[in-house]
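In: below are the sequence and a predicted model; questions follow.
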Amino acid sequence: MSKRVDQVLAGDIRAASRLMRDLDDRMPAAINALKSLYRHTGKGYIIGITGNPGAGKSTVVDALIEVYRARQLRVGVVAVDPTSPFSGGAILGDRIRMQRHALDEGVFVRSLATRGHLGGLSRSTFDVVSVLDAMGYEIILVETVGVGQDEIDVMRAVYTSVVVTVPGLGDDIQAIKAGLLEIADVLAVNKADRDGADRTVRDLMHMLDLRGTSPTNSVREVEIIKTIAAHGTRDDSGIADLVAAIDRHRDRMVSGQSGQTRARKRLVAHVAELVKGLLADRAEAALEAQGGLGEVAEAIAAGQTDPYTVAESIVAKLYVDAP
Ligand SMILES: Nc1nc2c(ncn2[C@@H]2O[C@H](COP(=O)(O)OP(=O)(O)OP(=O)(O)O)[C@@H](O)[C@H]2O)c(=O)[nH]1
Ligand SMILES: [Mg+2]
């Protein structure tokens, strides 16, 4: 086993950070290290936190860190920094919010940028989660903005997914309906200090009921919890209730058939992500070989070729160039 695998297993933060960076660059040695680390994974409990931009996900994560640290558990965090116009300040915001944990050796926060990833965001997230898991972090929190398919794919691979929403915005509820509700194990109605929280809880309950009556959907138990994450772990923040709901879901997951099914689904999601990632890498390389997207677009605009021919030739190259 390589030295760096040993270092990571021993909890060496610098070695782990370096490995994560090398994984982002798809360095073969790093990928080999990850293969060795994989059999040391499976002990951490992975909790996803997703929801609309600005709903308070990072604030919830911050409060959760505090609760789990009080339980003497080591906490790893993966925050996917969105580049959406709604939340351009996220990177700085996350840093400030989570800064008070920065000196705590039991907490490791890793931010991932969405920019510049071609289908690679969920893969990077999986990679970082695996490294944190192998390092022995007992709780792994994954924050993503639940707007893209990538994010939803990530949520399929966690043990408990918490969807954070806020009161009042009818459109938000619609957005939740569109995809997030389907993956929610626990729903948090955050900013419950604002008007309309109870109404939102009722709306969500109604939507869950509707979903439950569909013949294709088996009814899952989804708890709805009101939170005021800005109040941290104060008695009125609802964070203790949220943690209790996560605990209850965890208990249901570790026991019985549903736990097994969920574990298989996680593995399916992981492999599917890796395959997608590898294909995306090859497609990118094939595109580069043709001069990049800019060149390709020029050629099409000049009437030298057409989009269909270009796409076919790129896909054909995936096979020819396979190692
Ligand atoms: N009133 C109120 N404000 C809150 C609450 N929780 C968070 N906020 C505020 O909402 C804003 C956004 O919080 P974040 O935690 O950054 O939200 P986020 O969902 O992580 O945002 P992005 O990662 O940018 O999508 C911040 O100004 C928080 O202080 C709450 O319970 N009540
Ligand atoms: Mg955030």
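Out: Arrived safely, thanks for sending. Ligands and ions are numbered 1, 2, ... in the order given.
In: mind listing the strands for the protein?
Out: In the chain, the strands defined using DSSP state E lie at 45-51, 75-81, 107-113, 139-145, 160-165, 186-189, 223-226.
In: domain parsing for the protein?
Out: Domains of the chain are assigned by automatic domain parsing as 1-40, 41-254, 259-323.
In: from the chain's centroid, how far away is the longest one?
Out: Taking Cα atoms, centre = their mean, to the nearest Å, the mean C-alpha location of domain 41-254 is offset from the chain mean by 8 Å.
In: end-to-end on that domain?
Out: Terminal residues of domain 41-254 lie 16 Å apart, using Cα to Cα, to the nearest Å.
In: avg pLDDT for that domain?
Out: Here domain 41-254 scores 81 as its mean pLDDT.
In: how about the chain: which residue is closest to ligand 2?
Out: The chain approaches ligand 2 most closely through residue 58 (3.3 Å), counting by Cβ to the ion. C-beta coordinates here come from the backbone N, C-alpha and C atoms, glycine included.
In: can you get me a residue count around that residue?
Out: Residues near residue 58, counting by other Cβ atoms under 10 Å, number 24.
In: just checking, it touches residue 80?
Out: No. Distance between residue 58 and residue 80: 10.9 Å, which falls outside the contact criterion (Cβ atoms under 8 Å).
In: who touches both of those two?
Out: Common contact partners of residue 58 and residue 80 (Cβ atoms under 8 Å, 6 or more residues apart in numbering): residue 143.
In: where along the stretch 1-150 of the chain do the helices fall?
Out: Residue ranges of the helices in the stretch 1-150 of the chain, as given by DSSP state H, counting those that start in this stretch, are 3-9, 13-24, 28-38, 57-70, 90-98, 121-135, 149-155.
In: buried deepest among these, which one?
Out: helix 121-135 (a mean of 25; mean count of other Cβ atoms under 10 Å).
In: list of residues touching that one?
Out: The contact list for helix 121-135 (Cβ under 8 Å, 6+ apart) reads 8-9, 11, 16, 19-20, 23-24, 34, 37-38, 40-44, 46, 76, 78, 80, 108, 110, 112, 114, 117, 140, 142, 144, 150-151, 153-154, 157, 270, 273-274, 276-277.
In: now residue 250: closest residue in space that isn't a chain neighbour?
Out: Distance criterion Cβ to Cβ, 6 or more residues apart in numbering; nearest residue to residue 250, sequence neighbours excluded, is residue 160 at 5.9 Å.
In: tell me the contacts of residue 18?
Out: For residue 18, the contact set (Cβ under 8 Å, 6+ apart) comprises residue 4.
In: and if we set it to 10 Å?
Out: By Cβ atoms under 10 Å, 6 or more residues apart in numbering, the contact list for residue 18 reads 4, 7-8, 12, 30.
In: ok, residue 241 next?
Out: Neighbouring residues of residue 241 by Cβ under 10 Å, 6+ apart: 186, 188, 223, 225-227.
In: mind redoing it with 8 Å?
Out: 225-227.
In: how about the lengthiest helix in the chain: buried residues?
Out: Taking DSSP state H as the assignment, the helix of the chain that covers the most residues is helix 256-289. Using 16 or more other Cβ atoms under 10 Å as the test for burial, helix 256-289 gives 262, 266, 269-270, 273, 276-277, 281-284, 286-287.
In: residue 162 against residue 243, yeah?
Out: No. Judged on Cβ under 8 Å, residue 162 makes no contact with residue 243 at a distance of 10.1 Å.
In: out of those two, which sits in the more crowded spot?
Out: Ranked by neighbour count (other Cβ under 10 Å), residue 162 and residue 243 place residue 162 first, with 29 against 19.
In: how close does that one get to residue 291?
Out: 44 Å (Cβ to Cβ, to the nearest Å).
In: then residue 279?
Out: Taken as Cβ to Cβ, the span from residue 279 to residue 291 is 20 Å.
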